[in-house]
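Peer 1: The following block contains a protein sequence and its predicted model.
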Amino acid sequence: MEGLARTDTPDQTTPRPQPPLPARDWALFFDVDGCLLDFAAHPSDVIVPEGLQRHVLKLASMLDGALAIVSGRAIDALDETFPELQHLPAAGMHGLERREIHGQRTHAPKPPAALDTVLAEAIHVSSAHPGTLVERKGPNLAMHWRAATMPELARDAFRAFAAATLRLLPDYVVQGGDMVLELRPGGATPDKGDAVETFLMSPPFAGRVPVFVGDDLTDEHAFSVVNERGGLSVLVGAREPSVARWHLADPASVRAWIARAAAHDGASA
Ligand SMILES: [Mg+2]
């Protein structure tokens, strides 16, 4: 039964099972776009379904607060999207900024001066590709083509632009995502895996079974971290390859899972 061997090679051939309902000793981490929420053409157009925030809060209290949002978005943008979750721990910009359990904030480093020039040039590239979007998030610059009329052309243009731009931003790296490219500070820059590891170092997360739910390429770092620690990595959607070992079909399934957990009141211990 070598097909059942569980390794971190991204060539899962057996179907991934659905995760069980959350247990009280879990530490839960949620990505946002494509996970808690369905994608929208523009990141600010996402719809937060009725009841979701209430269910997430219930789940957080069942886990004694060991629930955090881990997103590529800035924390301020997360707070705008989820006004009822503003006191929950969060990692924004893939962990560049953080909010701990008691509300202490770590802010992203100041962006380099050249970023303004790069932003103007990125907007120029975007203007030639209808439906694309350039988004500035602190020191990060994201280029989206999800709603582009010609997505492959837009992707190629942004890829070429990003590669050429590294000359102006020598400390930056290009981070690929799902219909998005991001220019972000490299080197010791945290990824979502680092963000999860940092949460797991202190209460209420420390000592719990880590569980990460996400859909994107950038969530793979976090999947690896929870796999190494005997936790559950939950892939949302059908992106492959992935090191995730569990699966939920789409954001609606994630929300239904959260709602069932909140209703279940954590009887599974
Ligand atoms: Mg996502």
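Peer 2: Right, received. Where do you want to start?

Peer 1: When you work out contacts or count neighbours from here on, use the C-alpha atoms and nothing else.
Peer 2: Will do.

Peer 1: what's the helix or strand harbouring Asp116 in contact with?
Peer 2: Here Asp116 sits within helix 114-127, counting by DSSP states H and E. Helix 114-127 is contacted from outside by 132-134, 136, 139, 141, 143, 154, 157-158, 161, 165, 168-169, using C-alpha atoms under 8 Å, 6 or more residues apart in numbering.

Peer 1: Let's have these in TSV, adding pLDDT, secondary structure and distance to the ion.
Peer 2: Putting these into TSV (pLDDT from 0 to 100; DSSP: H, G, I helix; E, B strand; the rest coil; distance: C-alpha to the ion, whole Å) gives the following:
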residue	pLDDT	secondary structure	distance to the ion
Thr132	96	coil	18
Leu133	95	strand	17
Val134	96	strand	17
Arg136	89	strand	17
Pro139	87	coil	19
Leu141	94	strand	16
Met143	97	strand	15
Ala154	97	helix	20
Ala157	97	helix	23
Phe158	97	helix	20
Phe161	97	helix	23
Thr165	93	helix	25
Leu168	90	coil	28
Leu169	92	coil	26
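
Peer 1: Quick check: buried residues in the helix holding Asp116?
Peer 2: Residues of helix 114-127 classed as buried by neighbour count (16 or more other C-alpha atoms under 10 Å): Leu115, Val118, Leu119, Ala122, Ile123, Val125, Ser126.

Peer 1: of all those, which comes closest to Met201?
Peer 2: Met201 has its nearest neighbour among those in Leu115, at 33.2 Å by C-alpha to C-alpha.

Peer 1: From Gly186, how far off is that closest one?
Peer 2: The gap separating Leu115 from Gly186 is 14 Å, by C-alpha to C-alpha, to the nearest Å.

Peer 1: same check, this time on Leu217
Peer 2: Taken as C-alpha to C-alpha, the span from Leu217 to Gly186 is 17 Å.

Peer 1: ChimeraX command to pick out the buried ones of the contacts of helix 114-127?
Peer 2: This is the ChimeraX syntax for the buried subset of these, where burial follows 16+ other C-alpha under 10 Å:
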select :132,133,134,139,141,143,154,157,158,165,169
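
Peer 1: Among the contacts of helix 114-127, find me the one that's closest to Gln104.
Peer 2: Pro139 (20.3 Å).
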